[in-house]
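# my questions concern the predicted model and sequence given below.
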Amino acid sequence: MAIKRTISIQPSAAQDENLLSDSWRQGLNVDQFNAKFEKILNDCNSGSGPKSCPQNGDKLIDAIYKLGYSMLIATPEELYDFYRRHHRNVHLVIRDSEVPYDDLYNTTYVYADIGENSINSIPVPPPNATNLNLPIWKVFHPMWWNQPFGPLGGPFTLSPEPYEIWPSGWNGGKDNFYLGYTVEPSCMNTPYIPHAQRPRQAYIFGKYLGYFGLKDYTLYDEKGGLEASINDDFYVDFAQKENITFLAGHFSLFQVPDGYKDPPRGIVQHERLPRPEFQKTVSNSRVMIGLGNPLLSPTPYEALCLGIPFINPVRRHDPNNKMMWEGQHPALIYGGLDEPYVYHVQLGDREEYKAALRKAMSTPIDRYIPPRMRSSAFLGRMQTLLETDWRPVAKKQMQLLGYTYHS
């Protein structure tokens, strides 16, 4: 195969089932398969794709191509065979964290255990291996959460946020490779609406109705739970008094008890929209409101890029020390973003919540993209990932983890 360098990417198990499970059985060649996957990404971005869409996959693919690499997308069943056939061209493998290692077992592997009686026996050729097994130093695992993953963890775990800036004790992923992502291309395609032209609209960010019943919800009532939150008149009263429209997407009723179908009074839901239409709808807002969940979502970054401040619910264990705060989006806390871009509001403090709403609604901001989330910064980290010799790093990590080898 006339390819200078290749990146092999494994889709997640969920994506295999919904997007790719029949592709190889349909007899597609490599070019046809990659074309099909890229069409899926385009459909996801337009809102017409399946429910299980890759997260920021288009940005990753764009970066790979810009750096002069080709890409091969393999199902778990095909990965080992692909590597044996194209090993001279495969520079690294991005392996989904949901895919088990069983599909890679082979009698020619050298296996490694951590300690005695380990249940996590995994195929890992030692750093000086010269055979055609998949080298451990070429395998990286995306992990959204603040923890290491995979046989080598740490530097071989790809993180969306720089977890090394989290406080000590809360930074399990501090040694992970911060790859991150960028919201710049898609956001900049959405026109910036001057503040004076926007309606008095506050966008409530959340996917599930059940968020109103969680203890991380901004106005959670410990005694009343979900019922008290749904019957709370905070939004309808504030909307009438301040002439504000609280807008939200259509909340999913997943795992919500019977009898609950609508959000608190005063919140208007819109239908599910294709991504471009969703961003246009959000861009008409003067503030985006977090409900406490989902955690670490890209959406607040997209809001900032559209010139919309974000209200971030937090718990201040020490009011004077931000390293002792927790919140819906910790990166906005520990990354040092404050007013007028981010308003950190103490959970349960209604007066602080009202004050933040009033101030954010009346204080315009320009587009803002954190420097580390610029396309150029993401491309630089991707280049480091692709062009670093990871073999000595893997050798050191094996020693730290105490691997022993046996055949």
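Perfect, I can see it now.

# any weak-confidence spans in the stretch 1-150 of the chain?
For the stretch 1-150 of the chain, the stretches flagged by pLDDT under 70 are 1-57, 76-77, 80, 97-133.

# I'd guessed P185 sits against K59; true?
Yes: taking Cβ atoms under 8 Å as the definition, P185 is a contact partner of K59 at 7.0 Å. C-betas here are computed from N, CA, C, even on glycine.

# show me the contacts for L332.
P300, F310, N312, V342, H344 (Cβ atoms under 8 Å, 6 or more residues apart in numbering).

# ranges for the helices of this structure?
13-15, 30-46, 57-66, 76-86, 184-188, 225-230, 234-242, 275-283, 299-305, 330-334, 350-362, 375-387, 391-401 (DSSP state H).

# ok so, going back, looking at P185 and K59, which one has more neighbours?
Shown here are P185 and K59; by other Cβ atoms under 10 Å, K59 has more neighbours (21 against 12).

# how about N146, nearest residue that isn't a chain neighbour?
G173 (4.4 Å; Cβ to Cβ, 6 or more residues apart in numbering).

# so what's the one you found up against?
Counted by Cβ under 8 Å, 6+ apart, G173 has contacts M143, W145, N146, Q147, P148, T157, S159, Y163, W166.

# distance from stretch 164-182 to the middle of the chain?
Stretch 164-182 sits 13 Å away from the centroid of its parent chain (Cα atoms, centre = their mean, to the nearest Å).

# check which residues of it are buried.
Within stretch 164-182, the residues that qualify as buried are 165-166, 171, 173-182, counting by 16 or more other Cβ atoms under 10 Å.

# for H344, see how far away N146 is.
Per Cβ to Cβ, to the nearest Å, N146 is found 19 Å from H344.

# just want to know which of those two has more residues nearby.
Neighbour count, other Cβ under 10 Å: between N146 and H344, H344 has more, with 22 against 19.

# state the pLDDT value of Y343.
The score at Y343 is 98. That number is its pLDDT.

# what of P151?
pLDDT, P151: 79.

# that one: how many residues sit nearby?
20.

# the one 5 residues further on too?
With neighbours defined by other Cβ under 10 Å, the count for F156 comes to 25.

# then the one 4 residues further on?
The criterion is other Cβ under 10 Å. On that basis, P160 has 22 neighbouring residues.

# give me the distance between it and G169.
From P160 to G169 the distance is 20 Å (Cβ to Cβ).

# strands paired with the longest strand anywhere in the chain, and their directions?
If you go by DSSP state E, the chain has its longest strand at strand 310-316. Sheet pairing for strand 310-316, assigned by DSSP bridges, gives strand 287-290 (parallel), strand 325-327 (antiparallel), strand 342-346 (parallel).

# among these, which is the most enclosed?
Highest mean neighbour count of the strands paired with strand 310-316: strand 287-290, a mean of 26 (counted as mean count of other Cβ atoms under 10 Å).

# contacts for that one, please.
By Cβ under 8 Å, 6+ apart, strand 287-290 touches 202-206, 218, 246, 282, 299-300, 303, 308-313, 328-329, 357, 360-361.

# can I assume V268 is in contact with F246?
Yes: V268 lies in contact with F246 (Cβ under 8 Å); the separation is 6.6 Å.
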